[in-house]
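1. show me how the following folds:
(chains A, B, C and D)
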Protein chains: 2
Amino acid sequence: MFRALVLEDQTLMRLALMNEVQASVGKCVVLGAETLNIATVELQNDHFDLVVIDPGLPGFDPTSQNDRIAVVDRIIEASPGAIHVVVTGSDNPCEADGFRRIGAAAYVGKTGLAPGVFSNVLDDISNKGFSLRLSRAVMTKPDYRFSALTPREQEAIDMMARRAPGVKRTAIFSLMADRLAIAPGSAEKYYKQARAKLMRQGHRLPRGL
Amino acid sequence: MFRALVLEDQTLMRLALMNEVQASVGKCVVLGAETLNIATVELQNDHFDLVVIDPGLPGFDPTSQNDRIAVVDRIIEASPGAIHVVVTGSDNPCEADGFRRIGAAAYVGKTGLAPGVFSNVLDDISNKGFSLRLSRAVMTKPDYRFSALTPREQEAIDMMARRAPGVKRTAIFSLMADRLAIAPGSAEKYYKQARAKLMRQGHRLPRGL
DNA sequence: CAAACTAGGGATGGGAGCATCCCTAGTTTT
DNA sequence: AAAACTAGGGATGCTCCCATCCCTAGTTTG
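-> Sure thing, here's the model as predicted:
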C-alpha cells in the first residue's frame, strides 16, 4: 500500500493537498500532520513513499532561509526512502535550487497549484527526476461556484466560462469529453442542463455564457 | 440570491474557502478571485453580501503592514454593503484590531480554520458583531485519509481516532449521530464497516482503533 | 441551399452512497 | 447474574448523480 504524508500547518490547505495526493496516486493512505513534531514521530514509526512539505511552519521564522531549509532537511533525513515535494506560498527560483541540492524532488508554488496539477508534478518527477512549478497569477476572470449545480454541471460551466474568445462551443464539448472521459453529447447535455438551471433561478451568467 | 466573493491567490485555498462559504450559507453563488484586480472589477459590477479576503497577495510586500491594510481597505470601500472576513496565514492580535477599525467583521487565522469553522465565524458575526479566531497548533495526532473509504466511513474513523482517552465508543457513536444528524446505530455501522474494510486490506490502524 | 452550430427538452438504466433495522457472539462492567 | 460494551455480518429502500440516446427548432456559416 502506497503511503504518503503531508506536513502543512493550514488545515484547509493540508486537507486539499491530501486530496490531491489521493487523486494522483489512487489506492493509498495519506497522513496529514500540522506540526514538525507529529510528522517526525510518524516518519520514525513507519515507512513512507511520498512526503509533501510546506516549510513555512509556525514556530519557525518565515523569513529565515536557514529555518526553512532546516525543516525540509530534517524531514528528508528522517525518510530517506521517500520522494519529497516542497510546497510553498512564497516561492522563488533560488530557494528551489537550495531544496533541490538537499534532495527534494519537486518545488511547487501554491498560487499555481490547482486541482490536478499535483499529478503532473509526480509525472515530472518520474520522467525528469525533478519538477519545478513557480507561482504566477494567470487568471483573468473569477471562478464561479453555484450551489444549485452538481459537480459535473459545475465543471461544464467552468470550462465554458474559461473558453478563449473565438472558440466554438462544440470544441469545448469535445475537450470536456476528453478530460472527463465521457461522450461529447453528454458533455453538451451537462452544460445545457446547468445553464438552464441558472437561468431558471434568475442568475446573471458569467461572460461567455 | 446570496452572493459571496473570495479573494485569495492560492488556488487550493481559494477553492476550499469557496466550499466553506457555500457550506455555511446554503443557497448562494460564490466567486473566486486570484488577484485584487479581478476582485475589484467584480465588486464594481455586482452587489455582494460577503467578501472573504486574504491580504497576503502577490505583488504586495507580505511584511508591509501598510500593504496589507491597503488591500483590505480598497475592498471594503468597493463593497460597502458586504460583510468582510479577513483570513490570513500570519495572524496576530494587533493586526486583527487594525482590520476591525477599518470595518472588517472577522479576523481568522488559517491554521485553526478547519472545515465547519467558517460557519461558526458567521454565527459570531451575527451574534456579537465581530469574530476573532487566532491560529494555534492543537493537533497531537495526524489526520488519516484512506482512499478505500466512503466519506461517511472516513468521518467515523476520524472521530474515533480523535477520541479522548477513557471515552467509551458508544459516547462517540452518540456524538457522531448528533453531528451528522443520523441514528447512533447508523454511526456505529459506518465505523464498524470502515474498520472491517481497513483490516481486510491489511492496514496498520491509527492508535485508538 | 445545405450543413453546422445554437438552445432547449424528455426518458432511461446503472451505480454509489446513505440510513435504517435486525442478527449473532464474546467480553467487560456493575 | 444481568446489563452494557465490543466486534462482526446481512438485507433493504431510497436518493442523487452519472452517462447515454433521442427529440424539436431557430440561427449561422460555408
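
2. walk me through the domains of chain A.
-> Here the domain parsing of chain A from automatic domain parsing is A:2-133, A:151-200.

3. of those domains, which stretch is the most buried?
-> Mean neighbour counts were compared across these using mean count of other CB atoms under 10 Å in any protein chain shown; the top stretch is domain A:2-133, at a mean of 19. Just so you know, the C-beta spots here come from the backbone N, C-alpha and C atoms, and that holds for glycine as well.

4. now do the same end-to-end measure for that domain.
-> 24 Å (CA to CA, to the nearest Å).

5. do the same with stretch A:125-136
-> 21 Å.

6. near chain B at all, it?
-> Yes - using CB under 8 Å from any CB of the partner chain, stretch A:125-136 reaches chain B at residue A:135.

7. quick one: contacts of that stretch?
-> Applying CB atoms under 8 Å, 6 or more residues apart in numbering or on different chains, the external contacts of stretch A:125-136 come out as A:83, A:85, A:89, A:91-93, A:96, A:100, A:105-113, A:117, A:120-122, A:124, B:9, B:58.

8. still on that earlier bit, nearest to DNA strand D, of the domains of chain A?
-> Closest approach to DNA strand D among the domains of chain A (CB to the nearest atom of the strand): domain A:151-200, 3.3 Å.

9. avg pLDDT for that closest one?
-> Confidence over domain A:151-200 (mean pLDDT, whole number) is 91.

10. which pLDDT value goes with residue A:204?
-> For residue A:204, pLDDT reads 82.

11. what about it, neighbour count?
-> Counted with other CB atoms under 10 Å in any protein chain shown, the neighbours of residue A:204 add up to 11.

12. for chain A, which helix is longest?
-> helix A:184-200 (DSSP state H).

13. what lies in contact with that helix?
-> A:146, A:148-149, A:152-157, A:160, A:169-170, A:172-174, A:176-177, A:180, A:205, A:209.

14. of these, which belong to strands?
-> residue A:146 (DSSP state E).

15. for chain A, list the residues in contact with DNA strand C, please.
-> A:168-170, A:189, A:192-193, A:195-196, A:199-200, A:209 (CB under 7 Å from any atom of the strand).

16. touching DNA strand D at all, the one helix or strand residue A:14 maps to?
-> Per DSSP states H and E: residue A:14 is located in helix A:11-25. No - figure legend: helix A:11-25 not in contact with DNA strand D (CB under 7 Å from any atom of the strand); closest approach 14.8 Å.

17. so what does that helix touch, helix or strand wise?
-> With contacts defined as 3 or more CB pairs under 8 Å, 6 or more residues apart in numbering or on different chains; DSSP states H and E, helix A:11-25 has these neighbours: strand A:2-7, strand A:28-33, strand A:50-53, helix A:117-128, helix B:11-25, strand B:143-146.

18. between helix B:117-128 and that helix, find me the angle.
-> Interaxial angle, helix A:11-25 versus helix B:117-128 (axes from the mean of the first three to the mean of the last three CA atoms, to 10 degrees): 160 degrees.

19. which residues sit against helix A:11-25?
-> Outside helix A:11-25, the residues that touch it by CB under 8 Å, 6+ apart are A:2, A:4, A:6, A:8, A:28, A:30, A:32, A:34, A:50, A:52, A:54, A:87, A:110, A:113, A:115-119, A:122, B:10, B:12-13, B:15-17, B:20, B:110-115, B:143, B:145, B:147.
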